[in-house]
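K.L.:
dropping the sequence and predicted coords here.
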Amino acid sequence: MSAHIINGRELADDLRAQMKDEVSKLHEQGIYPSLTVVLVGENPASLSYVKGKERASKKIGMHSNLIQLPASTSEQQLLGLIDQLNNDTTVHGILVQLPLPSHISEDIIIEAISPAKDVDGFHPISIGRMIAGKDTFLPCTPYGIMTMLDEKGITVEGKHAVILGRSRIVGKPIGQMLLNRHATVTYCHSRTKQLDRYLQQADILIVAIGQAHFITDKQIKEDAVVIDVGINRLEDGSIVGDVDFDSAKEKASYITPVPKGVGPMTITMLLQNTIKAARQMNQVTNGSTSRDG
Ligand SMILES: Nc1nc(=O)c2c([nH]1)NC[C@@H]1CN(c3ccc(C(=O)N[C@@H](CCC(=O)O)C(=O)O)cc3)C=[N+]21
């Protein structure tokens, strides 16, 4: 049987329609959720992602501000800007697009962002709170994955989740979030020996390594839930995931495509985090049920 395809695009559109209502309710209370995105340099992929975030913000009626700085910007100058944004009460969320030019330390910049405005969920305080299972800004891609699983009614408790990749923004945090929801979690990475032994046992397989079509149907367990976080641009300009979708969909029970899978959910959770930041800064409690894992 062919897998259920989890359409992240449709799910994102549904959630954003709800968020649009939340934003207009906040407007009635004089609260204008606002996101500031900082882009240093002219990486074309980064520029296209950043434009996507702006478009998505505007579509739900949320204020978004893009600050573009030249690649020659110094770390001190960027820290100065972050300080200014931290102290600007009209700014609720701050996102500094990664990667940064190599002369700027990403760690120093991330740690300079006020945890109250850390809508990316990358600040060590946010990461620590997430691991402890406390309320915080969850990193957007893992948060989007958890939301997809929840929306599809896929239970996590007691399942064996295998994470392929251990990046700070996807692999590591999604493993912790699944662990908090009582999955048994295995992390696999480039030094893992006999990878296929773990893949065969995965009830839930999260693939986030950035290698086109690395995983095929041969490696996955029958009826596995397969989440593909990869975004690989091929020479012909098309975008493919880390999973060979066409073969894997014949064996999985659920699978996410690329594009229209995890990507649109990432942006959606960024919007959700910005609304949360605006509420918290104005001490408005969330009337609806929380989606936070
Ligand atoms: N500080 C920071 N925060 C980020 O969240 C962040 C970042 N830096 N740097 C780069 C990555 C990448 N990222 C994506 C978000 C959405 C799509 C997305 O919506 N993709 C569409 C396709 C997009 C296309 O066609 O180019 C899809 O999968 O359907 C992709 C990639 C956020 N990132």
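P.N.:
In hand now; what should we look at? Residues are numbered from 1 along each chain as shown.
K.L.:
residues of the stretch 151-293 of the chain that sit close to the ligand?
P.N.:
Contact residues (CB under 6 Å from any ligand atom) of the stretch 151-293 of the chain with the ligand: 231, 239, 258, 259, 260, 261, 263, 264, 266, 267. Where C-beta positions appear, they are placed from N, C-alpha and C, glycine not excepted.
K.L.:
let's see it at 8 Å
P.N.:
Contact residues, the stretch 151-293 of the chain versus the ligand (CB under 8 Å from any ligand atom): 169, 231, 233, 239, 258-264, 266-267, 270.
K.L.:
quick one, domains of this protein?
P.N.:
Split into domains by automatic domain parsing, the chain comes to 29-114, 140-262.
K.L.:
what about the first one, start to end distance?
P.N.:
Taking CA to CA, to the nearest Å, the first and last residues of domain 29-114 lie 24 Å apart.
K.L.:
and for the longest one?
P.N.:
Start and end residues of domain 140-262 are separated by 10 Å (CA to CA).
K.L.:
so the residue of the stretch 151-293 of the chain found nearest the ligand is in which element?
P.N.:
Residue nearest to the ligand within the stretch 151-293 of the chain: residue 263 (2.2 Å; CB to the nearest ligand atom). Secondary structure from DSSP states H and E places residue 263 in helix 262-281.
K.L.:
for that helix, name the packing helices and strands.
P.N.:
The contact analysis (3 or more CB pairs under 8 Å, 6 or more residues apart in numbering; DSSP states H and E) places helix 262-281 against helix 8-28, strand 34-40, helix 44-59, strand 93-96, helix 140-151.
K.L.:
tell me which of these sits most buried.
P.N.:
Comparing these by mean neighbour count (mean count of other CB atoms under 10 Å), strand 93-96 ranks first with a mean of 25.
K.L.:
from the ligand, how far off is the residue lying closest to residue 277 once chain neighbours are set aside?
P.N.:
Distance criterion CB to CB, 6 or more residues apart in numbering; nearest residue to residue 277, sequence neighbours excluded, is residue 92 at 4.2 Å. Separation of residue 92 from the ligand (CB to the nearest ligand atom, to the nearest Å) stands at 16 Å.
K.L.:
okay, now residue 92: neighbour count?
P.N.:
27 (other CB atoms under 10 Å).
K.L.:
what sits against the residue positioned nearest the centre of the chain?
P.N.:
Taking CA atoms, centre = their mean, the centroid of the chain lies closest to residue 141, which sits 1.7 Å from it. By CB atoms under 8 Å, 6 or more residues apart in numbering, the contact list for residue 141 reads 169, 170, 174, 208, 229, 262, 265, 266, 269.
K.L.:
surely the last one meets residue 146?
P.N.:
No - shown here, residue 269 and residue 146 do not form a contact pair, counting by CB atoms under 8 Å, at 9.1 Å.
K.L.:
helices of the stretch 151-293 of the chain, residue ranges please.
P.N.:
Ranges of helices in the stretch 151-293 of the chain, per DSSP state H, counting those that start in this stretch, are 171-180, 195-199, 245-248, 262-281.
K.L.:
most tightly surrounded among the ones you listed?
P.N.:
Stretch with highest mean neighbour count among the helices of the stretch 151-293 of the chain: helix 262-281 (a mean of 24; mean count of other CB under 10 Å).
K.L.:
quick one: that helix to helix 140-151, angle?
P.N.:
Relative orientation of helix 262-281 and helix 140-151, computed by axes from the mean of the first three to the mean of the last three CA atoms, to 10 degrees: 100 degrees.
K.L.:
what is the mean pLDDT for helix 262-281?
P.N.:
For helix 262-281, the mean pLDDT works out to 98.
K.L.:
quick revisit: how about the contacts made by the residue of the stretch 151-293 of the chain closest to the ligand?
P.N.:
By CB under 8 Å, 6+ apart, the contact set of residue 263 is 8, 231.
K.L.:
from residue 89, how far out is it?
P.N.:
Distance, residue 263 to residue 89, using CB to CB, to the nearest Å: 32 Å.
K.L.:
kindly report the same for residue 214.
P.N.:
Per CB to CB, residue 214 is found 46 Å from residue 89.
K.L.:
nearest to the ligand: which residue in the stretch 1-150 of the chain?
P.N.:
Nearest residue of the stretch 1-150 of the chain to the ligand (CB to the nearest ligand atom) works out as residue 98 at 3.8 Å.
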